[in-house]
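**Student:** sequence-free structure coming up:
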């Protein structure tokens, strides 16, 4: 597992455009996923973190895709999200603005990303504006029998005035909740 994180960190350092290509779901995650739980790791990456997560959803990729790409569904998936709107759109891509409500420890964060879409299989995103220092990653949808494995990777850096380990633990918990909420939004369970 440590080697997977080192390979991912190297890929990010070299500026590879597909961070997910360097981050397959490790065999050690299969037991967690088979138990119906979200699997998430968060590792240091430069001045930020590398988030890697997955969940299995009992629905075809097209159904997962429909929820994942719909701004109107975003508040069901991301608990503290107050705004999601498409500000620009073209063939196979869009630019979205999202605002997450802060609290006494984490500021309100405005995030603007460009997302490039390969329907029903991949969303590659990168920061184009907003408050984050860095953000680059992707969502992958892999068919698994009658279901879908959703894989999320993101290299992110934010200016949060808390110890880095505390921020990473918060990211891990939040990513797990987002994956479970995505499954609930898709399946109703």
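**Tutor:** Here it is on my side, so go on. Since the structure is predicted, the reported quantities are computational estimates derived from the model, not experimental observations.

**Student:** for the helix or strand where residue 185 lies, which positions count as buried?
**Tutor:** For residue 185, the host element (DSSP states H and E) is helix 164-187. Within helix 164-187, the residues that count as buried by 16 or more other C-beta atoms under 10 Å are 167-168, 170-172, 174-179, 181-183, 185-186. Placement of C-beta: from N, CA and C, glycine included.

**Student:** average pLDDT for it?
**Tutor:** What helix 164-187 shows for mean pLDDT is 96.

**Student:** how close does the residue nearest the centre of the chain get to residue 137?
**Tutor:** The geometric centre of the chain, computed from its C-alpha atoms, lies nearest to residue 152 (C-alpha atoms, centre = their mean), at 4.4 Å. Applying C-beta to C-beta, to the nearest Å, the value for residue 152 to residue 137 is 7 Å.

**Student:** repeat for residue 63
**Tutor:** Remark: distance between residue 63 and residue 137 (C-beta to C-beta) = 22 Å.

**Student:** same question, residue 27
**Tutor:** Distance from residue 27 to residue 137, by C-beta to C-beta: 22 Å.

**Student:** The two: which has the busier surroundings?
**Tutor:** Neighbour count, other C-beta atoms under 10 Å: between residue 27 and residue 137, residue 137 has more, with 22 against 8.

**Student:** how many neighbours does the residue nearest to residue 58 when sequence neighbours are not counted have?
**Tutor:** Of all residues not flanking residue 58 in the chain, residue 147 sits nearest, at 4.7 Å (C-beta to C-beta, 6 or more residues apart in numbering). By other C-beta under 10 Å, 17 other residues sit near residue 147.

**Student:** what does the helix holding residue 185 contact?
**Tutor:** Applying C-beta atoms under 8 Å, 6 or more residues apart in numbering, the external contacts of helix 164-187 come out as 38, 40-44, 49, 51, 53-55, 57-59, 63-64, 67-68, 73, 76-79, 106, 150, 152, 156, 158, 160, 162, 189.

**Student:** list the helices and strands the helix or strand that residue 52 is a member of packs on?
**Tutor:** Element membership of residue 52, judged by DSSP H and E, is strand 48-57. Judged by 3 or more C-beta pairs under 8 Å, 6 or more residues apart in numbering; DSSP states H and E, strand 48-57 is in contact with helix 2-13, helix 30-34, strand 39-45, strand 134-144, strand 147-157, helix 164-187.
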